[in-house]
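Trainee: pasting the sequence and the predicted model now:
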Amino acid sequence: MTALDKYARLEGSGVWREGPDAQRRDVVVSLGDASLMIADERSGVMLSHWSLPAVQRLNRGSRPAVFAPSSDRDGETLEIDEALVIEALDTIRAALDPKQPLRRLRLSLAAGAAVLTLAGLYWLPQILVDRTAVSVPPAMRAQIGRTALDSLFLSAAGERICADPEGRQVMATLRNRVLGNDWRVSVIAGVPGFETAHLPGRLMVLGQELVERLDSAESLAGWMLAEALAADAHDPLLDALHYAGIRATFTLMTTGTMLDGALSGYAAQKFRVPSPIPTAQDIGARFDEIGQSPTAYALSLPPRAAGLAASLAAHTVPADRQSEQLLSDGEWLTLQEICSN
């Protein structure tokens, strides 16, 4: 039995705070297969949804235990005083420690160091990147993706993650219906012309301009599905490691950590490159899976994707797969206001 199996569907109480200056709220904490869900104790409304591999404890050894969805102390926090829930989270965090799967690789690295050196400067970077990418577990991939995105906000240029609470909740709903809950989706403001991109760890980033110019959740769903197809076609960690360089990649391979600053500027560079255009067959199949017509998405495509738009015009979702609209009109308007604060 794994740690996740042992504590699946465990529930307990806690105190949640959205930010350092936000009001404390009594909540119910639930552990799923790979996620921690936080709901209001009275209303049952879902307030937040954390990926278990990314959860950090901020006060080791103290009670009540304080957890966060990352090591960032300026974001959400969750206080828990129930011993069983604390034990569950500490056990799961240890089981999902991103450094554990790399230990065996470190031993083989020592034996193969001479071979890699003789491979020469031409072959070494690609071999090192390929082997490291294969060995990096999901938790570390998620951390690398978040680090790359966070580096975008170190300048004073005005880039920011859109964080309207109601808008974030609607985005989580749309994400679950379109991509599933193993993806994380962030909307960012302050990057002119940016539409969509993806980073390691199944982290998708949408531009404020795109969200605000589209006229329905179904059209935005098409952009999200196209980005997911691009991520499936090419491992985004490969590009990130090439950008970070040999030293940072070697450090990741041997220690399980990324050098500070190695990904600085990577997100900004990636966001300047338009995402690849999917084939009509691939994107059509994804629309069939969620039971939605691709018409709204086709109408939202730029001139460079005119061929795809024309091909999708004749696509019809099978009658037995058709489902209701992804979001209500009110929810869609709320999502478009996600950058309002």
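Mentor: Perfect, thanks for sending it. Numbers count the residues shown, from 1 in each chain.

Trainee: buried residues, stretch 256-269. List them.
Mentor: Of the residues in stretch 256-269, those buried under the neighbour-count criterion (16 or more other CB atoms under 10 Å) are Gly256, Met258, Ala262, Leu263, Ser264, Tyr266, Ala267, Ala268. For glycine as for every other residue, the C-beta is placed from the backbone atoms N, C-alpha and C.

Trainee: just the C-alphas of that stretch, formatted as CSV.
Mentor: Listed next in CSV are the C-alpha coordinates belonging to stretch 256-269 (Å, rounded to 0.1, in the frame of the first residue of the first chain):
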residue,chain,number,x,y,z
GLY,A,256,17.8,16.8,-7.8
THR,A,257,17.8,20.6,-7.6
MET,A,258,17.9,23.4,-10.2
LEU,A,259,20.5,26.1,-9.9
ASP,A,260,19.1,29.5,-8.8
GLY,A,261,18.6,31.8,-11.8
ALA,A,262,19.1,29.1,-14.4
LEU,A,263,15.7,29.6,-15.9
SER,A,264,15.6,33.4,-15.5
GLY,A,265,14.2,34.9,-18.8
TYR,A,266,13.1,31.5,-20.1
ALA,A,267,9.3,32.1,-19.8
ALA,A,268,9.6,35.5,-21.4
GLN,A,269,11.5,34.0,-24.3
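
Trainee: got TSV for the buried residues of stretch 256-269, with distance to Gln336 too?
Mentor: As requested, those are exported to TSV (distance: CB to CB, whole Å):
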residue	distance to Gln336
Gly256	40
Met258	35
Ala262	35
Leu263	30
Ser264	31
Tyr266	28
Ala267	23
Ala268	25
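
Trainee: what's the closest of these to Gly330?
Mentor: For these, the residue nearest Gly330 by CB to CB is Ala267; the value is 32.1 Å.

Trainee: now for the host helix or strand of that closest one, which elements pack on it?
Mentor: Using DSSP states H and E, Ala267 sits within helix 266-271. Contacts defined by 3 or more CB pairs under 8 Å, 6 or more residues apart in numbering; DSSP states H and E place helix 266-271 against helix 138-150, strand 196-199, strand 203-207, helix 236-244.

Trainee: possible to save the ones you listed as TSV with mean pLDDT and distance to Leu10?
Mentor: Shown next, in TSV, are the helices and strands packed on helix 266-271 (pLDDT from 0 to 100; distance: least, CB to CB, whole Å):
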stretch	mean pLDDT	distance to Leu10
helix 138-150	92	20
strand 196-199	97	31
strand 203-207	97	27
helix 236-244	94	32
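
Trainee: now render those as CSV, adding distance to Ala34 and mean neighbour count.
Mentor: Formatted as CSV, those follow (distance: least, CB to CB, whole Å; neighbours: other CB atoms under 10 Å):
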stretch, distance to Ala34, mean neighbour count
helix 138-150, 9, 22
strand 196-199, 19, 24
strand 203-207, 15, 23
helix 236-244, 19, 21
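
Trainee: after the helix holding Ala267 comes which helix or strand?
Mentor: Next element after helix 266-271 (DSSP H and E): helix 280-290.

Trainee: I'd say Gln56 and Val66 touch.
Mentor: No: between Gln56 and Val66 no contact is recorded; they are 9.5 Å apart, counting by CB atoms under 8 Å.

Trainee: more neighbours: which of the two?
Mentor: With other CB atoms under 10 Å as the criterion, Gln56 and Val66 differ in neighbour count, and Val66 comes out ahead with 19 against 15.

Trainee: how about the strands in the stretch 1-150 of the chain?
Mentor: Remark: strands of the stretch 1-150 of the chain, listed N- to C-terminal, are 11-17, 25-31, 35-40, 46-51, 56-57, 65-68, 77-80; assignment by DSSP state E, counting those that start in this stretch.

Trainee: tell me which of those strands approaches Ala305 most closely.
Mentor: Taking CB to CB as the measure, the strands of the stretch 1-150 of the chain were each checked against Ala305, and strand 46-51 came out nearest at 31.8 Å.

Trainee: that older thread, quick one: closest of the helices and strands packed on helix 266-271 to Arg177.
Mentor: Between Arg177 and the helices and strands packed on helix 266-271, the shortest gap by CB to CB is with strand 203-207, which sits at 14.2 Å.

Trainee: next one: Glu195 from His315, what distance?
Mentor: Between Glu195 and His315 the distance is 22 Å, computed by CB to CB, to the nearest Å.

Trainee: also Met224?
Mentor: For Met224, the distance to His315 equals 17 Å [CB to CB].

Trainee: these two - which one has more neighbours?
Mentor: The residue with more neighbours, out of Met224 and His315, is Met224; 22 against 17, by other CB under 10 Å.

Trainee: tell me which of the strands of the stretch 1-150 of the chain approaches Phe153 most closely.
Mentor: Comparing the strands of the stretch 1-150 of the chain against Phe153 with CB to CB, the closest turns out to be strand 65-68 (17.5 Å).

Trainee: okay, now the sheet partners of the closest one, with direction.
Mentor: strand 56-57 (antiparallel), strand 77-80 (antiparallel) (DSSP bridges).
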